[in-house]
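# Build me a model from this:
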Amino acid sequence: MKKEAYDIIIIGAGPAGYGCAVYSTRYNLKTLIIGQSIGSQLSRTPLIQNYLGFKEISGIELLKNFKEHAESYGAVVKEEDVKRVEKEGDLFKVTTTVEYFGRTILLAMGTKRKTLGIPGEKEFNNKGISYCSTCDGPFFKNKIVGVVGGSDAAATTALLMAEYATKVYVIYRKDKLRAKPYLVDKIEKNSKIELIYNTNVTEALGNKFLEKVKLDTGKELKLNGLFIEIGSVPSIEVASKLNLKFDESKSIVVNTEQETNVKGVYAAGDVTKGAKGFRQIISAAAEGAMAAKKAYSYLRGGEDTPQWS
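Numbering: from 1, shown residues only. Model (predicted):
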């Protein structure tokens with residue numbers, strides 16, 4: 001019995017996935033997107049000021065616009081968790097709680113947050129320890145919180161939490177933040193934020209909820225909340241059966257047209273190294289569009305992609 005198949009199944013509901021869907025549907029490819037928008041890196045971004053056409057927009061609102069745009073062209077969106085992707089005959093099988101089949105695949109799963117790996121981190125996850133200030137920030141109104149990290153994400157989290165908390169400690173293992181200068185300037189001018197340099201958090205402590213953390217300086221810091229912003233790693237587990245090529249950072253290796261080493265499989269966005277390491281929303285969307293172009297060409301035996309889209 002012949003299986004019903006999509007022309008392309010997109011794993012990941014972020015800018016790369018939706019960027020692909022907008023183009024694949026306009027190439028008249030039967031398109032399925034599978035992924036959870038809430039909890040993604042973009043959904044955790046409270047304010048975006050560098051996406052073309054929007055002076056200011058939240059990550060959640062931008063994702064909503066992406067989804068509506070793709071669906072308006074006929075893309076099917078399933079908010080499900082993908083367990084695995086594997087080859088089955090001439091098709092690719094994608095398993096959630098059910099099975100879907102596609103002639104081509106775009107891997108756009110993005111990244112997952114790094115953890116500190118300290119005692120108490122798992123125990124107090126969602127009990128004071130968080131990896132998403134956009135999601136959990138309002139729960140810490142008039143509380144004392146800490147932010148671990150020195151990146152743009154850490155700085156943005158600290159500034160957001162200063163709108164809710166009475167005190168925000170930024171704890172960083174080096175002697176200066178690596179966030180963009182304008183973010184550092186905002187932090188240094190905010191009276192609610194205190195910077196703690198050359199310091200690591202070594203343990204999270206409390207009863208039912210987080211109450212304090214131990215530092216490698218020997219001190220303890222009383223906190224109601226701790227937001228961990230120490231980077232991310234590519235989410236590649238679902239693609240483990242595809243025999244893909246990965247680099248030293250576990251990113252999927254692609255060429256300039258988003259092709260992997262497996263025919264019919266493309267990758268875009270933060271699951272790859274991106275446009276020469278330039279991991280941005282706008283470049284992820286462009287990579288998704290390029291993947292759609294190559295998928296169209298592949299499905300039609302290599303013929304040129306129409307340029308009217």
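# so where's the longest strand in the protein?
Across the chain, the longest stretch assigned as strand under DSSP state E is strand 99-107.
# ranges for the strands of the stretch 201-309 of the chain?
201-206, 210-215, 220-222, 225-228, 232-234, 265-267 (DSSP state E, counting those that start in this stretch).
# and the longest strand of the chain, which strands flank it?
strand 6-11 (parallel), strand 91-95 (antiparallel), strand 265-267 (parallel) (DSSP bridges).
# nearest to K143, of the ones you listed?
Nearest to K143 among the strands paired with strand 99-107 is strand 6-11; the distance by Cβ to Cβ comes to 37.2 Å. All C-beta spots, glycine's among them, are computed from the backbone N, C-alpha and C.
# Whatever helix or strand comes next after that closest one to strand 6-11, inter-axis angle?
Downstream of strand 6-11, the first helix or strand assigned by DSSP states H and E is helix 15-26. Using axes from the mean of the first three to the mean of the last three Cα atoms, to 10 degrees, the inter-axis angle of helix 15-26 relative to strand 6-11 is 170 degrees.
# Which elements pack onto helix 15-26?
Judged by 3 or more Cβ pairs under 8 Å, 6 or more residues apart in numbering; DSSP states H and E, helix 15-26 is in contact with strand 6-11, strand 31-34, helix 59-72, strand 99-107, helix 281-299.
# Now with 7 Å, please.
When contacts are defined as 3 or more Cβ pairs under 7 Å, 6 or more residues apart in numbering; DSSP states H and E, helix 15-26 sits against strand 6-11, strand 31-34, helix 59-72, helix 281-299.
# Now the ones you listed in a markdown table, please, with extra columns for distance to Y172, mean pLDDT and mean neighbour count.
Formatted as a markdown table, the helices and strands packed on helix 15-26 follow (distance: least, Cβ to Cβ, whole Å; pLDDT from 0 to 100; neighbours: other Cβ atoms under 10 Å):
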| stretch | distance to Y172 | mean pLDDT | mean neighbour count |
| --- | --- | --- | --- |
| strand 6-11 | 34 | 98 | 26 |
| strand 31-34 | 37 | 98 | 26 |
| helix 59-72 | 24 | 96 | 17 |
| helix 281-299 | 25 | 96 | 23 |
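# possible to save those as TSV with distance to A155?
Listed next are the helices and strands packed on helix 15-26 as TSV, based on distance: least, Cβ to Cβ, whole Å:
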stretch	distance to A155
strand 6-11	31
strand 31-34	31
helix 59-72	16
helix 281-299	18
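# With respect to I230, which of those lies nearest?
helix 59-72 (19.3 Å).
# Okay, now the sheet partners of the helix or strand following the closest one, with direction.
Using DSSP H and E, the helix or strand that directly follows helix 59-72 along the chain is strand 76-78. When sheet partners are counted by DSSP bridges, strand 76-78 sits next to strand 31-34 (parallel).
# Report the backbone C-alpha coordinates of the strand it pairs with in CSV.
Presented in CSV, the C-alpha positions along strand 31-34 are these (Å, rounded to 0.1, in the frame of the first residue of the first chain):
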residue,chain,number,x,y,z
THR,A,31,4.5,21.0,3.4
LEU,A,32,4.2,19.9,7.0
ILE,A,33,5.9,21.7,9.9
ILE,A,34,6.3,19.8,13.2
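# What is the burial count for E257?
12 (other Cβ atoms under 10 Å).
# Next one: it from A204, what distance?
Distance of E257 to A204, given as Cβ to Cβ, to the nearest Å: 45 Å.
# is it true that I11 touches G35?
Yes - with contact defined as Cβ atoms under 7 Å, I11 and G35 form a contacting pair (6.4 Å).
# what's the residue closest to the geometric middle of the protein?
Q41 (3.3 Å; Cα atoms, centre = their mean).
# For V233, grab the count of nearby residues.
When neighbours are counted by other Cβ under 10 Å, V233 registers 14.
# what about the closest residue in space to A295 that isn't next to it in sequence, neighbour count?
Distances taken as Cβ to Cβ, 6 or more residues apart in numbering place T104 nearest to A295, at 4.5 Å, with adjacent residues excluded. Applying other Cβ under 10 Å, we find 25 residues neighbouring T104.
# dump the residue contacts of T104.
Applying Cβ atoms under 7 Å, 6 or more residues apart in numbering, we find T104 in contact with 7-8, 264, 295, 298-299.
# what pLDDT does it get?
Looking at T104, its pLDDT is 98.
# likewise D270?
91.
# separation between it and Y131?
15 Å.
# Looking at those two, which one has more neighbours?
Counting neighbours by other Cβ under 10 Å for D270 and for Y131 shows that D270 has the greater number, 28 against 22.
# thinking that one is in contact with A108, fair?
No - in this structure, D270 is not within contact of A108 by Cβ under 7 Å, at 8.5 Å.
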